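Novice: pasting the structure only:
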């Protein structure tokens, strides 16, 4: 089977998290992992999407290196195979496969929310720094040079997504044992 590879992709982790924060894309990748080789129309029908919408969402997954396509005639079939040109794709795909094996689809909303927490470069940096130490708000403000309201907004999003916890005036990385969280922390 000849898979098409994307031309020299180097997707950023925060943009990949933005893609994974979409429940529709998580549902599509879950279907591809569960039954590789489905075409766009099959996936669209299974998820009750229009063909153009399904095609667009699948292209987004492909652009992050998480799925590969095979063209046979007028059909485009999707497979859960990491693009070798995208360094983060293989570990992320393994984490998604583990999620699909261990968690029911009803848990995808929480997985999407967790991915949304890291869907901004500033929030990725906050988690990266917190993975090494905890910080109080004044130290954060000095370290990030972000306006106070912006920093509070990012910290609130990370807390809501389950990435960080506040203890008084100090922020710490929260324990998160999901396969995707573990994988993302390693990729930081």
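Specialist: The structure has been received and is ready for your questions. Quick caveat: nothing in here was measured; it's all calculated off a predicted structure.
Novice: buried stuff in stretch 81-99?
Specialist: Across stretch 81-99, burial judged by 16 or more other CB atoms under 10 Å covers 81-83, 86-89, 91-93, 95-99. (Each C-beta comes from the backbone N, C-alpha and C, glycine too.)
Novice: Quick check: end-to-end length of it?
Specialist: 16 Å (CA to CA, to the nearest Å).
Novice: Distance of the residue of the chain most remote from its centre relative to residue 56?
Specialist: The C-alpha centroid of the chain is most remote from residue 73, which lies 31.2 Å away (CA atoms, centre = their mean). Separation of residue 73 from residue 56 (CB to CB, to the nearest Å) stands at 21 Å.
Novice: And for residue 76?
Specialist: In terms of CB to CB, residue 76 sits 13 Å off from residue 56.
Novice: Same question for residue 94.
Specialist: Taken as CB to CB, the span from residue 94 to residue 56 is 25 Å.
Novice: just the helices in this protein please.
Specialist: With DSSP state H as the criterion, the chain has helices at 13-20, 23-34, 40-47, 51-63, 89-102, 108-117, 121-130, 137-144, 148-160, 179-187.
Novice: Throw the ones you listed into a markdown table and include mean pLDDT and distance to residue 171, thanks.
Specialist: Listed next are those as a markdown table, based on pLDDT from 0 to 100; distance: least, CB to CB, whole Å:
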| stretch | mean pLDDT | distance to residue 171 |
| --- | --- | --- |
| helix 13-20 | 93 | 19 |
| helix 23-34 | 96 | 28 |
| helix 40-47 | 96 | 37 |
| helix 51-63 | 95 | 31 |
| helix 89-102 | 96 | 25 |
| helix 108-117 | 93 | 13 |
| helix 121-130 | 86 | 6 |
| helix 137-144 | 72 | 7 |
| helix 148-160 | 90 | 6 |
| helix 179-187 | 92 | 16 |
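Novice: about what we covered before: Provide a list of residues in contact with the residue farthest from the centre of the chain.
Specialist: By CB atoms under 8 Å, 6 or more residues apart in numbering, the contact set of residue 73 is empty.
Novice: same question, residue 183
Specialist: Applying CB under 8 Å, 6+ apart to residue 183 gives the contacts 91, 92, 94, 95.
Novice: Could you identify the most distant pair in those residues?
Specialist: 92 and 94 (7.3 Å; CB to CB).
Novice: Can you verify my assumption that residue 103 contacts residue 111?
Specialist: Yes - under the criterion of CB atoms under 8 Å, residue 103 is in contact with residue 111, at a separation of 7.5 Å.
Novice: Give the residues shared as contacts by those two.
Specialist: With CB under 8 Å, 6+ apart, residue 103 and residue 111 have common neighbours residue 178.
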